[in-house]
Structure formats: structure tokens, C-alpha cells
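**Student:** need a 3D model of the sequence below.
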Amino acid sequence: ATATTLGAMLIAVEGCCHGELDSIYSSIAVTEQRHGVKVDVLLICGDFQAVRNQADLATMACPAKYRSMQGFYRYYSGEKVAPVLTIFVGGNHEAASHLWELYYGGWVAPNIYFLGYAGVVNVGGVRIGGLSGIYNARHYDLGHYEIPPYNDSDMRSAYHVRRLEVFRLSQLRTRLDVFLSHDWPQHIARHGDTNALLRKKSFLRDEVASGSLGSPPNAILLRELRPTYWFAAHLHVKFAALVVHNTPPPGGQPAPPSAAGGLEPCSTSPATVKANPATRFLSLDKCLPNRDFLQLFRIDGDGSPPVLKYDPEWIAVLRSTAHLFTISRSRLPLEPPSLVAALSGGRTDFAPQPAELQAVFDAVGGDLTVPLNFSVTAAPHYPGEPIAGQPCFRESPQTQEFVRTFSLPPDWRTQQSATAHEAEAQSMPLNAVQLPAVWGASGGMFAPMPVPMDEEIDLGDD
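**Tutor:** Sure thing, here's the model as predicted:
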């Protein structure tokens, strides 16, 4: 019997993909044959590189030595088909133009699904959420102003996490089984074997000591969402950690302190029902010989087939916060809550109400199955294709269908929404809107630190 028929899902997790789909699928096949198992779903933690052609390749921010076509285009063209349902989040080496077409998520190829800039889906009763990109303080509070063709700066800021996506994820109130990100949550290195990590990546020593390694927004989401598992990549190293959540779930008792010293809690909504007492974190390497790039694990599902379904709570949050999306380069004021209230008719908590959840079911006639509506929207690469300039933006039919189905604003791509004047109306200068500091393992406060200008980290392993 397969893992699915027994009610449990067998999930494979890959670190950085870097376009190595053939090698990843081959590794899964060998593992399946060796152990007599069948993987139900593959999760990839960024740097997927969904490059369709030379024009897409021109929008991928990375050093020239890494800019190559790789093999994704064969899955996009239909020459090959992914042998297992594959779900991924974006990293900092992506075909930015392609993923921007699928802001809310969608199929980049048959059986390969992009989770969106942020998203939650359900597969076989396993709830999977994720956040694409990496943190950069300079762009965190801005709108999604980057539109292809990109200049060099916008090509990089396009993959920087925005506060809006973090705000939306923080509205979730029911438990997540799995969460995917590209960069690590801030301070996570203190919850595993830090010395072993530094033996492998000694250049991280100063960042670990200062508390600046990792993403502050991811650290906040870790305590807010409390998923059972959190998987990440980015640093090309296998690293495991256990984070014990020291705040009690509603109606529960405080979790025991971590032996390694747990992170002090951030404030969370009193209405939260996310009850996982601890989160198991694992970062994986990139796909290379003799590297730890793939991990298999079992998790309880509901016994249903591994079919991709929309998550009603997430869709309800997207609908109720649609007015907050903006393409403005000005700061989007989402902190403090009074600014959100000013933009939202007094509402600050967007945890879905029963009527909002019912509206999601009604929109799809009760069937949340993600439609198999992949379509080719750009000519696939062919051997000998000449070097091309960046493409102009072209809307994806998948995104159009998603927006129509769930009654999102049809003009959202041009929505200016809340900008500077909203903060001024609240008599609060924009430079005072800051990311909350994150509590460190020692109990002290660490202010968020901007990443270096050069984000192409030399990991010393290529």
C-alpha cells in the first residue's frame, strides 16, 4: 500500500533547485525504488528558476557564471512531465518576469505549481504555506512597483519580501502543517547545533553572534503561525533546529522551555488557535553530488489523493485585504494597526469570519480543487535560440481566472491603494513606520538589520 492509502503523506523536500529538475526527479526515483515507496508531493524551497526562454533568463538576477538555461523549459514545453506533484516558493535567483505573471500562484508547467508571492494550499489533507523571496529592509514596506522589463535595481528588489504578504499570512488562525521559505527565520541558528553549522559555514560566525543572520519577518511568522515543519534553503547547507513556542495556545498550558533556550514570544492575536507546541526546522543544500539536498518525511493527511486544492482561509484573507495591495513605490502603512484601520473601515483583524469562508466555497461551488489550467504564454526555448532582451509584461490566463473566480479587484495590477498620504492623515511620518524588533534567544531585543548591498553571497562551495 502507498503512504496515501494509509492516510499519511510521503513528502520530499528539496533545498535550492537552481534549475536541476532532472537530477532532483532522478534522485527521487532512485530513492523510491531503493526503499519501495512512492513520494506524493515534492516541495522546493526556492531558486527554482522557471526560465522559459532567453528573454526570461535576462530577468534572472544572478552572477553571469550562474546564468544558464538549465532544463525547466522542457517541462514548460511539454517535452517532459514532472513525475510527482511539485510545489515551490521563489528565492532570489528566479525568472522574475515569469513569476510576476503568477503573483497569486499557478502552474508554471504541468504538475509544477508556484505557491505565489505568498500562499497556502492543501494536498491530501496536509496544509502547506509559504513565502517567496528574501528579506531586505529597504524594500519591505514598499508596494510591488517593479514591472518588466526591469532595470538592474528592480530586477533585484522584485524578489524582496513585502510587509503585505507577511501581514496576510499573519491573519491565519488555523494550524499549518508545513511552511516553506527561501531564507531562514532570524535567530534560528541558535536552536540547532550552531557549532556544527559554523564548522561548515565559518563566514556566518559574525552574523550568528550579532543575531543578524536570517529574516526578521520569517521569525515573526514562525511564532505567529507555529507550523509543524518549516523548510528553507538559501545558504546551501543542511541544518536542523527545534523551536519550542513558549507562549501557550488558547486554553492550553505553556510549552516547556527549550534546552537550547527558546525565542521569547512576539505578541500574537488572542484569537489564535494555532496550537503546535514546537516547530521542526530544516534547511537543505542545493542539488549537487554528495550533498544533503533532499529529505523525505511522512506526515498525517486525511487519506484523500494528493490533489492540489485551494485553502479557504487563505483565499478569504486575500479577498478581505485586496484593497491593501499596491504597485506604488511609496511606503504602504500597515503598522501600527491604526493605519490599517484607517484604510479598512476600522478593521484591523482579518482572520476570516464564517460568512467570509462560506463565500469562498460558494465561489467555486464547494469544489476547492485547483484547476488544471496551465497554458503556454511565451515561446519555449529551443537549442540555438539567440540571446534576447527582457520581455514586456503579459498577464497570465491563470491569474485572470483566479481573480474572476474569487471576485478580486480586476484592476489590481494598476492599483495604487494606500500610499504616503494615508500615513500623513494619521499624523505619523513614514520614516517612523518600522518593522518590530525581534526578541533574541537571550531575551534582549535585536533591531532588524538591512542585508548587505551585495546579495550574491559567495558560499564558498561552487
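**Student:** give the contact list for the residue nearest to residue 284 when sequence neighbours are not counted.
**Tutor:** Excluding its sequence neighbours, the residue lying closest to residue 284 (C-beta to C-beta, 6 or more residues apart in numbering) is residue 15, at 3.1 Å. C-beta here means a position set from N, CA and C on the backbone, and glycine is covered the same way. The contact partners of residue 15, by C-beta atoms under 8 Å, 6 or more residues apart in numbering, come to 45, 233, 236, 238, 283, 284, 285, 286, 287, 293, 294.
**Student:** gap between the third one and residue 28?
**Tutor:** Counting by C-beta to C-beta, to the nearest Å, the gap between residue 236 and residue 28 amounts to 20 Å.
**Student:** so which of those two has more stuff around it?
**Tutor:** Ranked by neighbour count (other C-beta atoms under 10 Å), residue 236 and residue 28 place residue 236 first, with 24 against 21.
**Student:** I'd say that one and residue 16 touch.
**Tutor:** Yes. Counting by C-beta atoms under 8 Å, residue 236 does reach residue 16; the two are 6.5 Å apart.
**Student:** so what sits against both of the two?
**Tutor:** Joint contacts of residue 236 and residue 16 (C-beta under 8 Å, 6+ apart) are 285, 286.
**Student:** burial measure for residue 138, as a count.
**Tutor:** Quick note: residue 138 (other C-beta under 10 Å) scores 11 neighbours.
**Student:** let's see the distance spanning stretch 145-156 from one end to the other.
**Tutor:** End-to-end span of stretch 145-156 (C-alpha to C-alpha, to the nearest Å): 12 Å.
**Student:** what do you get for stretch 167-174?
**Tutor:** 15 Å.
**Student:** cool, stretch 121-131 as well?
**Tutor:** Note: stretch 121-131 ends 12 Å apart using C-alpha to C-alpha.
**Student:** quick one: mean pLDDT for that stretch?
**Tutor:** On average, the pLDDT along stretch 121-131 is 98.
**Student:** same check on stretch 285-298?
**Tutor:** pLDDT averaged over stretch 285-298 gives 95.
**Student:** what does that stretch rub up against?
**Tutor:** With C-beta under 8 Å, 6+ apart, stretch 285-298 has contacts from 3, 8-18, 20, 23-24, 27-28, 31, 37, 39, 47, 229, 231, 233, 236-238, 282, 284.
**Student:** select from those residues every entry located in helices.
**Tutor:** 23, 24, 27, 28, 31 (DSSP state H).
**Student:** re earlier: how about the contacts of residue 15 in JSON lines, adding distance to residue 277?
**Tutor:** Shown next, in JSON lines, are the contacts of residue 15 (distance: C-beta to C-beta, whole Å):
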{"residue": "45", "distance to residue 277": "24"}
{"residue": "233", "distance to residue 277": "26"}
{"residue": "236", "distance to residue 277": "30"}
{"residue": "238", "distance to residue 277": "24"}
{"residue": "283", "distance to residue 277": "21"}
{"residue": "284", "distance to residue 277": "24"}
{"residue": "285", "distance to residue 277": "29"}
{"residue": "286", "distance to residue 277": "32"}
{"residue": "287", "distance to residue 277": "33"}
{"residue": "293", "distance to residue 277": "29"}
{"residue": "294", "distance to residue 277": "28"}
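**Student:** of the residues you listed, closest to residue 407?
**Tutor:** residue 45 (31.9 Å; C-beta to C-beta).
**Student:** tell me how far the nearest residue to that closest one once chain neighbours are set aside lies from residue 46.
**Tutor:** Nearest residue to residue 45, sequence neighbours excluded (C-beta to C-beta, 6+ apart): residue 233, at 3.9 Å. As judged by C-beta to C-beta, residue 233 and residue 46 stand 5 Å apart.
**Student:** hey, what's in contact with both of those two?
**Tutor:** Contacts common to residue 233 and residue 46, judged by C-beta under 8 Å, 6+ apart, are 16, 91, 182.
**Student:** so for the helix or strand where residue 208 lies, mean pLDDT?
**Tutor:** Assigned by DSSP states H and E, residue 208 belongs to helix 205-210. Across helix 205-210, pLDDT averages out at 96.
**Student:** what of stretch 243-259?
**Tutor:** On average, stretch 243-259 scores 50.
**Student:** how many other residues sit next to residue 204?
**Tutor:** 18.
**Student:** with residue 14 instead?
**Tutor:** 29.
**Student:** hmm, back to that, quick check, pLDDT for the residue nearest to residue 284.
**Tutor:** 97.
**Student:** now residue 358
**Tutor:** For residue 358, the pLDDT comes out at 98.
**Student:** ok so it is a strand residue?
**Tutor:** No. Counting by DSSP: H, G, I helix; E, B strand; the rest coil, residue 358 is not found in a strand; it is helix.
**Student:** contacts only, for it.
**Tutor:** Neighbours of residue 358 in contact, by C-beta under 8 Å, 6+ apart: none.
**Student:** where does this structure have its least confident helix or strand?
**Tutor:** strand 445-446 (a mean of 28; mean pLDDT, DSSP states H and E).
**Student:** mind jotting down where the helices sit in the stretch 51-200 of the chain?
**Tutor:** 54-57, 72-77, 96-100, 152-157, 163-169, 194-200 (DSSP state H, counting those that start in this stretch).
**Student:** out of those, which one sits most buried?
**Tutor:** helix 96-100 (a mean of 26; mean count of other C-beta atoms under 10 Å).
**Student:** so what touches that helix?
**Tutor:** Counting by C-beta under 8 Å, 6+ apart, 50-52, 55-56, 59-61, 90, 108, 114, 117, 132, 146-150, 155, 158-159, 378, 390-391, 393 sit against helix 96-100.
**Student:** mind checking the pLDDT average for it?
**Tutor:** Here the average pLDDT along helix 96-100 is 97.
**Student:** please apply the same query to stretch 49-59.
**Tutor:** So the average pLDDT for stretch 49-59 ends up being 96.
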